[in-house]
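*Asks:* sequence isn't available, so here's the structure alone:
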Ligand code: BTN
């Protein structure tokens, strides 16, 4: 694992993709700032100095015969590796918000964009660490530094998280998904919350339950358990009522 740090990049995901011949598995690219940070569903990630902005490279495992669909679980592993890595720095009550955000105090702390190109997976992570959030975002987002009043070493955080991912991914390949899943479920932010899901043209409401073995979220709608796979729930349409 090597860490490549830059002052400004367009996007750490794009940079790694465009220079893939330079990188090996678990190498990390960090940037202090990004001019064209990418979020999920083609949105822009507004980067701020002080955020942890990084991408690490993961490769499809050549030796195992994991079905391709199994790799859809990597964002879940990434979210959980963020929680484990951050806990080494500050042992707080981080929660995993399906499919791939990390929350603290009911607010967004981290977003993850994982992209695939052939056998390469680019796990892009943006965490509010030393940055101060603009007033208009303070009711929906939180930074670690605002929570604790401390400043953190961002490269150290990026390395801890990548190491945690490596351990989880190795366990995953070795068949320990059920154990990982039960740990993820113990940090399931949506559990027991009322959420609205856009399904086709309809907006349905229900109570979120566990994440199931296929990595889908289960939702109790009119006393029936429905499961929703990646992409079926549009996050912006998840309206959480307590
Ligand atoms: C989301 O919440 O929609 C995901 C946001 C992911 C942002 C990170 S910042 C580092 C990496 N590089 C990018 O361009 N995006 C990810």
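*Replies:* In hand now; what should we look at? Every value quoted in this text rests on a predicted model; they were computed, and no experiment measured them. Numbers count the residues shown, from 1 in each chain.

*Asks:* avg pLDDT for stretch 116-123?
*Replies:* When pLDDT is averaged over stretch 116-123, the result is 96.

*Asks:* start to end distance for that stretch?
*Replies:* This stretch, stretch 116-123, spans 9 Å end to end (CA to CA, to the nearest Å).

*Asks:* what residues sit buried inside it?
*Replies:* For stretch 116-123, the neighbour count (16 or more other CB atoms under 10 Å) marks 120, 121, 122, 123 as buried. (Glycine included, C-beta is placed from N, CA and C.)

*Asks:* which one of the residues you listed is nearest residue 206?
*Replies:* Taking CB to CB as the measure, residue 206 sits nearest to residue 123 out of those, at 30.0 Å.

*Asks:* would you map the strands across this structure?
*Replies:* Counting by DSSP state E, the chain has strands at residues 3-9, 28-34, 52-59, 95-97, 101-104, 107-117, 120-127, 194-199, 202-211, 217-221, 224-228.

*Asks:* mean pLDDT lowest where, among these?
*Replies:* What stands lowest among the strands of the chain, in mean pLDDT terms, is strand 194-199, with a mean of 80.

*Asks:* against which helices or strands is that one packed?
*Replies:* Packing partners of strand 194-199 (3 or more CB pairs under 8 Å, 6 or more residues apart in numbering; DSSP states H and E): strand 202-211.

*Asks:* for the strand it packs on, list every residue counted as buried.
*Replies:* Neighbour-count burial for strand 202-211, with 16+ other CB under 10 Å as criterion, is recorded at 206, 208, 209, 210, 211.

*Asks:* kindly provide the distance from the closest residue to residue 157 other than its chain neighbours to residue 43.
*Replies:* In space, and not counting its chain neighbours, residue 157 is closest to residue 52: 5.3 Å by CB to CB, 6 or more residues apart in numbering. Going from residue 52 to residue 43 by CB to CB, to the nearest Å gives 19 Å.

*Asks:* which parts of the longest helix seen in the chain are buried?
*Replies:* Secondary structure of the chain per DSSP state H: the longest helix is helix 154-173. By 16+ other CB under 10 Å, the buried positions in helix 154-173 come out as 154, 157-166, 168-169, 172.

*Asks:* quick one: name the residues of the chain near the ligand.
*Replies:* 11-13, 34, 37-40, 45, 53-55, 111-113, 124-126 (CB under 6 Å from any ligand atom).
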